[in-house]
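Student: The following block contains a protein sequence and its predicted model.
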Amino acid sequence: MQSLLDAIAAGQLDAAMVCVISDVPDARILERARHHTVPGFYLDPAPFKTKLDGESEQRAIDLLRRHGVDTVVLAGFMRMVKPGLLRAFPGRVLNIHPALLPAFPGLHAWEQALNHGAKVAGCTVHFVDEGMDSGPIIVQRAVPVLSNDTPATLHARIQEQEHLAYPEALQLLAEGRLRVMGRRVEVLPK
C-alpha cells in the first residue's frame, strides 16, 4: 500500500486510493490508511471463508462500489477471490505474488523457492481469476537466489521488487495499455 501511495504522490501512478478493506481487525494497512486519510474498513470474513458468493463478499462489493472503485488491488489477501467479486470488477482485480508464477503459487513462495533450489526468484503482478495465483501475468521482476540466502533475506529482496512492480502494472492498466489474450497479457505501446 505504501509503495502505491508513494508512486501516486510522485506522479508515477495515475490513480487514487479511495478506500482500503482488511479482513484483519488490527491490520497495519488500516493504520496506514488512517494516516493517509484514506477510508479504511474491517470486514469480518467469516461467511466469506466458506460460501461461494457469501454475505461478506457482497458487503465488500457494496463498499467498493460506494467508494467509486474501478480497480481492486489485492495485497496480503490470503483467500481465494470469489466469482462475485470477479464479476463485479471484470478484468479489474489484480494481485501480487512473491514468486515468478506459475512457479511456487500459494503460501511462503520464497521458502518454496529456497527449498527447491531455485537460482532465480521474484514477484509477479497478475490479473486475478478463480484459481490460486493462476491469472494472466502482467509484470514480473526477478532477483537472484544467493547461496547464503535465508527465507527472510530472499523475501526482503523480493519485496523491494514488489514495490516497483505493482505501481508499474497499475500504471499500464491506467493507461489502457494492457490487452489480455487468453493466458497472455500484451503491453501496448504508448
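Tutor: Arrived safely, thanks for sending.

Student: Show the subsequent helix or strand relative to the lengthiest helix in the chain.
Tutor: Longest helix in the chain by number of residues (criterion: DSSP state H): helix 151-174. Moving toward the C-terminus from helix 151-174, the next helix or strand (DSSP states H and E) is strand 178-181.

Student: So which residues of the chain form helices?
Tutor: Assigned by DSSP H, the helices in the chain fall at 2-9, 28-35, 46-50, 55-66, 83-88, 109-115, 151-174.

Student: any idea how far I96 is from Y166?
Tutor: 5 Å (CB to CB, to the nearest Å). Where C-beta positions appear, they are placed from N, C-alpha and C, glycine not excepted.

Student: Need the overlap of contacts for these two.
Tutor: By CB atoms under 8 Å, 6 or more residues apart in numbering, Y166 and I96 have these common neighbours: 75, 125.

Student: where are the low-confidence patches of this structure?
Tutor: Low-confidence regions of the chain, defined by pLDDT under 70, span residues 47-54.

Student: So what pairs up with the residue positioned nearest the centre of the chain in the strands?
Tutor: The residue lying closest to the centre of the chain (CA atoms, centre = their mean) is N95, at 2.6 Å. When assigned by DSSP bridges, N95 has beta-bridge partners H126.

Student: dump the residue contacts of I137.
Tutor: Per CB under 8 Å, 6+ apart, neighbours of I137: 101, 124-126, 185.

Student: Alpha carbons of stretch 32-52, in PDB - could you do that?
Tutor: Output of stretch 32-52 as PDB, limited to C-alpha atoms (Å, rounded to 0.1, in the frame of the first residue of the first chain):
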ATOM      1  CA  ARG A  32      -1.600   3.400   7.300                       C
ATOM      2  CA  ALA A  33      -4.900   4.200   5.600                       C
ATOM      3  CA  ARG A  34      -5.900   6.400   8.500                       C
ATOM      4  CA  HIS A  35      -2.500   8.100   8.500                       C
ATOM      5  CA  HIS A  36      -3.000   9.000   4.800                       C
ATOM      6  CA  THR A  37      -6.700   9.900   5.300                       C
ATOM      7  CA  VAL A  38      -7.800   7.000   3.100                       C
ATOM      8  CA  PRO A  39     -11.100   5.400   4.400                       C
ATOM      9  CA  GLY A  40     -10.200   2.100   5.900                       C
ATOM     10  CA  PHE A  41     -12.600  -0.700   6.800                       C
ATOM     11  CA  TYR A  42     -12.500  -4.000   8.600                       C
ATOM     12  CA  LEU A  43     -14.900  -6.600   7.100                       C
ATOM     13  CA  ASP A  44     -15.400  -9.800   9.100                       C
ATOM     14  CA  PRO A  45     -14.500 -12.600   6.700                       C
ATOM     15  CA  ALA A  46     -16.400 -15.400   8.500                       C
ATOM     16  CA  PRO A  47     -19.100 -16.000   5.800                       C
ATOM     17  CA  PHE A  48     -16.600 -15.100   3.100                       C
ATOM     18  CA  LYS A  49     -14.300 -18.100   4.100                       C
ATOM     19  CA  THR A  50     -16.800 -20.800   3.200                       C
ATOM     20  CA  LYS A  51     -19.600 -19.600   1.000                       C
ATOM     21  CA  LEU A  52     -19.100 -19.300  -2.800                       C
END
